[in-house]
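Novice: Next one to model:
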Amino acid sequence: MQERKPIGFLFKQINNLYEKEINNQLKGIGITSSQCEVLDYLFHCDKEEVNQRDIEKALSLKNPTVTGILRRLDEKGYILIVPNGKDKRRKNVYLTEKAYDIQRRMEANRRKVDRNLTIGMSKREVEALQKMLGRVLYNMSEI
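Specialist: Sure thing, here's the model as predicted:
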């Protein structure tokens with residue numbers, strides 16, 4: 001009988017494999033999974049002005065991590081970083097046309113990986129999984 005692995009270890013293994021596969025899918029576009037995550041947040045954010053701190057909070061990332069991701073996205077021409085008119089210490093982040101040009105391909109690649117994650121599951125099982133994972137994420141954010 002196979003030993004049951006701790007839940008946290010399973011999450012870590014799944015994350016490692018997910019990152020590897022999503023990076024393989026996105027390689028043709030020229031972005032990484034981390035860059036994709038930031039672009040995805042910017043595509044779907046309802047705020048008129050988004051700054052680095054907003055991204056850090058929304059994605060649960062540290063300042064140096066987001067700084068590096070934004071710098072690389074700026075170098076690749078996917079975003080513009082502009083000083084905030086009211087507070088010069090803050091910088092607003094805007095998507096460029098180049099980012100919108102890859103949005104459809106980027107999202108299609110991510111949907112493909114998501115479909116692979118749920119092979120063999122019914123729609124009801126996928127919905128239950130999403131609900132449970134949402135609860136796990138909430139639990140971890142409260143620690």
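Novice: Could you pull out the buried residues of the helix or strand residue 43 falls within?
Specialist: Using DSSP states H and E, residue 43 sits within helix 33-44. Of the residues in helix 33-44, 33, 34, 35, 36, 37, 38, 39, 42 count as buried by neighbour count, 16 or more other Cβ atoms under 10 Å. In this view, the C-beta of every residue, glycine as well, is placed from N, C-alpha and C.
Novice: Spit out the contact partners of the fourth one.
Specialist: Residues touching residue 36, when contacts are defined by Cβ atoms under 8 Å, 6 or more residues apart in numbering, comprise 22, 26, 106, 110.
Novice: Same question for the second one.
Specialist: Taking Cβ under 8 Å, 6+ apart as the contact definition, residue 34 lies against 65, 69.
Novice: What are the boundaries of the helices in the protein?
Specialist: Using DSSP state H, the helices of the chain run over 7-26, 33-44, 52-59, 63-75, 97-117, 123-142.
Novice: among those, which is the most enclosed?
Specialist: Mean neighbour count (mean count of other Cβ atoms under 10 Å) peaks for helix 33-44 among the helices of the chain, with a mean of 18.
Novice: Spatially, which two of the contacts of residue 36 are the most separated?
Specialist: Farthest-apart pair in the contacts of residue 36 is 22 and 106; separation 9.9 Å (Cβ to Cβ).
Novice: Kindly indicate which of the buried residues of helix 33-44 lies nearest residue 63.
Specialist: Closest to residue 63 out of the buried residues of helix 33-44 is residue 38 (13.4 Å), distances taken as Cβ to Cβ.
Novice: how close does the nearest residue in space to that closest one that is not next to it in sequence sit to residue 25?
Specialist: Spatial nearest neighbour of residue 38, excluding adjacent residues (Cβ to Cβ, 6 or more residues apart in numbering): residue 69 at 5.3 Å. Residue 69 sits 18 Å away from residue 25, going by Cβ to Cβ, to the nearest Å.
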